[in-house]
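>>> Got a predicted structure plus its sequence, pasted below:
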Amino acid sequence: MVGVKKKMVTLVSSDGVEFVVEKRVAEQSLFIKNALNEGGVEEKVMIPIPKVTSDTLSSVLEYCEKHASATEFQENEIEEWDKEYIEKADLDLLYYLLQASYSMSIMGLMELGAKKVASLIRGKSPQEIRELFNIKNDFTPEQEEEIRREMQWNYE
Amino acid sequence: MGRGDDRISNMPDPILETILTMMPLKSAIRTGVLSRRWRSLWEHNLLSTTTLDFDEDFSTSQSPKEFVLNVNRYLLQLQHTSKKLDKFSVYFCPFDLFLPEIQRWISFAISKGVKELNLDLSQGFTDPRHGGFIDGRAPFRLPDCLFQCKSLTHLSLSRCDLLSSPLAFAHWSQLQSLSLKLVSLSQDGLHDLLNTSCKQLQSLTLNDSLSHQNVNLALAPDLRLKSLTMVNSGRLFDMEIFAPNLQSFHYYGEFCRGSHSFNVSSLVDAFICPLKWPGGDDLYVTLLTDLSHVKVLTINTAILWDIVISEENEQLFPIGFHNLQELQLIVDSMTDESLDDIYGFFRLCPCPFLERLFIQAMQGPQYVDFNHLEVIKLTNFKGWGNEIRLLKFLLEKALVLESLIIVTAPLEKNKKPSERRGLAILRGQLSKLPKASSQAHIVLCESCEDDKRCQPLHADVNPEYYYLEDRFTLALSMKIGVDLEDMDGDASQDTYQLAMIGTPMNPSKHVELKTFEADRSGLVSEMCNWYLMNL
């Protein structure tokens, strides 16, 4: 609205970078929303976001900004946007986005990231999945043999 | 974080559990073999799940015996939890040996208070000519507990026996959606189901599930049925539907050739896509008239055809679609005839308030994949829309394609520079087509640059024996003295059709005049005259 000053908050990433964003954007995160409510709104405008680096935070805020103004777009426009947004994230970023969405309580982003990981796992053999994510097979040979017998049908 | 670190297993449980719930059951189970962490995650996930989909994805690559073993293994783990089950699905081809197992699974799901039950036993050996089953298996006898189950809100059954139970549907009073495929339901059964037992029913699908030749659906005005889907494999003959609250009607398959009577005054959307066109008895036209108050309509080529060929019967038209806001036309392909049909529809069926129009030309066959196709070569390529569509189809389906070679048709001797530019545009167009094989390399060249190393074994056969168009074109141009190369693409297609009609390969002397009457250029009709005189 013209003439009305937008309420801003400052988020501080784990590596000390400050991001000044509109309150309604930051409130896409339940974690921040609760922090703002507890602190009596006007005073507390500096919020540290532990464990989230500036690179990740800037990507998270891109998501929040789009979804804060979701009502201006058609539903399928948002869906398209989400798809492109998560598509361009590499595995590292995807991992950090999931962690951040969890610690900042942004359910939509967490589900979006989980869906992407699910699609990466889907249809791959156990060995391919292990290689993709560097998962170490820590079963004992006996356990492994038992699992192999039980899961033979699902190995290919 | 270094390259070799396990990026994913260190994440908090809720994230990994969310990932598991977003996968089909089979993939989720597979994560249980990755490591101890994933195994305990999956076990925990199984115990807390409210959905068990032993669906098509789960059942592929398992023998029936393995399938039964695995389902039993997971159900055993769940037996002692107090967790309720919302959804239970089984997709399975049972042999008689396993029928008691299926009955036990159903009992299990019902004991867990299941709300949505999907039982698809429709696999089996079919006769490719008419699609009927030839495995001699009787429809599955449903256990009595299913008929006594009061918690069901959604039920889908395929190749099951509903008739044998004396209980019928009296306990399914909470049922909101019911889908029956290859389930024999009598006229009385249908009437009882809708008007007496399942008064909450909102959605009904009848897929080849009526034991009689006519569907007579007379619904009391207080019933809630909003959506009706009918799939007819040819058994149905008459259709009488009186459903004043029905909002959505979908119809697929063969059309009923008997009488129709529709009273569906609240209908909002209709999807009518029958397989075959009728013998000009205006069946579809009268149906459309009964449904002309809808807001959303989808129809296909069969309907468009019927409208156009019924045009002479003037009292049938126009059919005014005065509420229609959205129209979808599904056409077989975008030929000249399709255009005539589409124009015909708009001429005869005015829809003055139309806001959204979708026209969908049928795709190439969907379930075709070329898993070994490495080389495709097209010669005499002219860049017409049809050719581009064919290329798009091939590129989307050829998974391991290495090269696509396109040799353009030879240019005229006095070629214009603009045609050279055409080649560049074509190249740009081709590079934008989506490819299933990332390594596919597209080569576009003129006929003089054709690399002769890539040739079919039968490259040397004299073109005279198979290239009908050339022979005919030559004969024609000699006789009537015109340069056929100057004709547009459509006219050449007509030439091609003419040529086909008159060859020994196709001895039919009957010339279908539809194409010719609708012709656009005097040249083509001149050719027809010549051809008919010389036949």
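Okay, I see it.
>>> Retrieve the pLDDT associated with residue 72.
Picking chain A for this. Listed pLDDT for A:Glu72 reads 81.
>>> To clarify, I was referring to chain B.
90.
>>> cool, the one 5 residues further on as well?
Looking at B:Gln77, its pLDDT is 83.
>>> pretty sure B:Phe271 is in contact with B:Phe249, am I right?
Yes. At 7.4 Å, B:Phe271 counts as touching B:Phe249 under the criterion of C-beta atoms under 8 Å. Every C-beta, even on glycine, is put in place using the N, C-alpha and C of the backbone.
>>> The two: which has the busier surroundings?
B:Phe249 (21 against 18; other C-beta atoms under 10 Å in any protein chain shown).
>>> Secondary structure element for that one, which one?
strand B:248-253 (DSSP states H and E).
>>> same for the helix or strand that that strand is followed by, what does it pack against?
Where DSSP H and E defines the elements, the next helix or strand beyond strand B:248-253 is strand B:260-263. With contacts taken as 3 or more C-beta pairs under 8 Å, 6 or more residues apart in numbering or on different chains; DSSP states H and E, strand B:260-263 sits against strand B:238-242, helix B:283-290.
>>> returning to what we had before: from the contact counts, what lies against the strand holding B:Phe249?
Using 3+ C-beta pairs under 8 Å, 6+ apart: strand B:248-253 touches strand B:227-232, strand B:269-274.
>>> export the helices and strands packed on strand B:260-263 to TSV and tack on distance to B:Leu210?
TSV is the format used below for the helices and strands packed on strand B:260-263 (distance: least, C-beta to C-beta, whole Å):
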stretch	distance to B:Leu210
strand B:238-242	10
helix B:283-290	19
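>>> what about B:Lys84, how many residues close to it?
B:Lys84 has 11 neighbours, counted by other C-beta under 10 Å.
>>> Ok, B:Thr379 next?
12.
>>> Quick check: phi and psi at the residue lying closest to it once chain neighbours are set aside.
Sequence neighbours aside, B:Val407 is the residue nearest to B:Thr379 in space, at 4.4 Å (criterion: C-beta to C-beta, 6 or more residues apart in numbering or on different chains). Backbone geometry at B:Val407, expressed as degrees, to the nearest 10, gives phi -110, psi 120.
>>> Now for B:Val407: which residues touch it?
B:377-381, B:445-447, B:449-450 (C-beta atoms under 8 Å, 6 or more residues apart in numbering or on different chains).
>>> Give the buried residues for the worst-scoring helix or strand of chain A on mean pLDDT.
The weakest-scoring helix or strand in chain A, judged by mean pLDDT, DSSP states H and E, is helix A:141-151 (a mean of 83). Of all the residues in helix A:141-151, those buried under the rule 16 or more other C-beta atoms under 10 Å in any protein chain shown are A:Ile147.
>>> Now it - C-alpha only, CSV.
What follows is helix A:141-151 as a C-alpha-only set of coordinates in CSV (Å, rounded to 0.1, in the frame of the first residue of the first chain):
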residue,chain,number,x,y,z
PRO,A,141,27.4,-60.3,6.4
GLU,A,142,24.8,-62.4,8.2
GLN,A,143,22.2,-59.6,8.3
GLU,A,144,23.0,-58.8,4.7
GLU,A,145,22.4,-62.4,3.6
GLU,A,146,19.1,-62.5,5.5
ILE,A,147,17.9,-59.2,4.0
ARG,A,148,18.9,-60.3,0.5
ARG,A,149,16.8,-63.5,0.9
GLU,A,150,13.8,-61.5,2.2
MET,A,151,14.1,-58.8,-0.4
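>>> Which other helices and strands does it contact?
Using 3+ C-beta pairs under 8 Å, 6+ apart, helix A:141-151 sits against no helix or strand.
>>> contact partners of it?
Applying C-beta under 8 Å, 6+ apart, the contact partners of helix A:141-151 are A:137, A:139, A:155, B:29-30, B:32-33, B:39, B:73.
>>> List buried residues within the residues you listed.
Going by neighbour count (16+ other C-beta under 10 Å), the contacts of helix A:141-151 have A:139, B:29-30, B:32-33, B:39 buried.
>>> can the residues you listed go into CSV with extra columns for secondary structure and pLDDT?
Below are the buried ones among the contacts of helix A:141-151 laid out as CSV (DSSP: H, G, I helix; E, B strand; the rest coil; pLDDT from 0 to 100):
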residue, secondary structure, pLDDT
A:Phe139, coil, 89
B:Ile29, helix, 86
B:Arg30, helix, 85
B:Gly32, helix, 88
B:Val33, helix, 88
B:Arg39, helix, 90
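>>> Looking at those residues, which is nearest B:Leu225?
B:Ile29 (38.3 Å; C-beta to C-beta).
>>> State the helix or strand in which B:Thr205 lies.
strand B:203-207.
>>> Give the buried residues for that strand.
B:203-207.
>>> again, but for stretch B:375-383
B:376-377, B:381, B:383.
>>> and if you look at stretch A:60-76?
Buried, per 16+ other C-beta under 10 Å, within stretch A:60-76: A:60-61, A:63-64, A:66-68.
>>> just stretch B:212-220 next, same as before
Neighbour counts over stretch B:212-220 (16+ other C-beta under 10 Å) mark B:212, B:215, B:217, B:219 as buried.
>>> again with stretch B:163-183
Within stretch B:163-183, the residues that count as buried by 16+ other C-beta under 10 Å are B:168-169, B:171-172, B:174-183.
>>> What separation is there between the closest residue to B:Met22 other than its chain neighbours and B:Leu390?
Nearest residue to B:Met22, sequence neighbours excluded (C-beta to C-beta, 6+ apart): A:Ala118, at 3.9 Å. According to C-beta to C-beta, to the nearest Å, A:Ala118 stands 35 Å off from B:Leu390.
>>> neighbour-wise, which of these two wins?
Between A:Ala118 and B:Leu390, counted using other C-beta under 10 Å, the more crowded position is A:Ala118 (19 against 14).
>>> Would you mind listing what in chain A touches chain B?
Residues of chain A that fall close to chain B, judged by C-beta under 8 Å from any C-beta of the partner chain: A:91-92, A:95, A:98-99, A:102, A:110-111, A:113-115, A:117-118, A:121-123, A:126, A:129-130, A:133-139, A:147-148, A:150-156.
>>> name the element B:Gly428 belongs to?
B:Gly428 belongs to helix B:417-431 when assigned by DSSP H and E.
>>> Quick one: name whatever helix or strand follows that helix.
strand B:441-445.
>>> hmm, which two among the contacts of helix A:141-151 are most spread apart?
A:Asn137 and B:Arg73 (22.0 Å).
>>> Now do stretch B:173-183: distance to the chain's middle.
Offset of stretch B:173-183 from its chain centre (C-alpha atoms, centre = their mean, to the nearest Å): 22 Å.
>>> again with stretch B:81-99
The gap between the average C-alpha position of stretch B:81-99 and the chain average comes to 28 Å, counting by C-alpha atoms, centre = their mean.
>>> What's the end-to-end length of it?
End-to-end distance for stretch B:81-99: 25 Å, by C-alpha to C-alpha, to the nearest Å.
>>> outside of that stretch, which residues touch it?
Residues contacting stretch B:81-99 (C-beta under 8 Å, 6+ apart): B:47-56, B:58-59, B:64, B:67-68, B:71, B:78, B:101-102, B:105, B:109, B:112-121, B:123-124, B:137, B:140-141.
>>> May I see the helices and strands packed on strand B:260-263 arranged in a markdown table, with mean pLDDT, distance to chain A and mean neighbour count as well?
As requested, the helices and strands packed on strand B:260-263 are arranged in a markdown table below (pLDDT from 0 to 100; distance: least, C-beta to the nearest C-beta, whole Å; neighbours: other C-beta atoms under 10 Å in any protein chain shown):
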| stretch | mean pLDDT | distance to chain A | mean neighbour count |
| --- | --- | --- | --- |
| strand B:238-242 | 86 | 33 | 17 |
| helix B:283-290 | 86 | 30 | 20 |
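>>> Tell me where chain A has helices.
Using DSSP state H, the helices assigned to chain A run over residues A:23-26, A:30-38, A:54-68, A:75-87, A:91-103, A:107-121, A:126-133, A:141-151.
>>> wait, which of these is closest to B:Phe255?
Per C-beta to C-beta, nearest to B:Phe255 of the helices of chain A: helix A:75-87, 33.8 Å.
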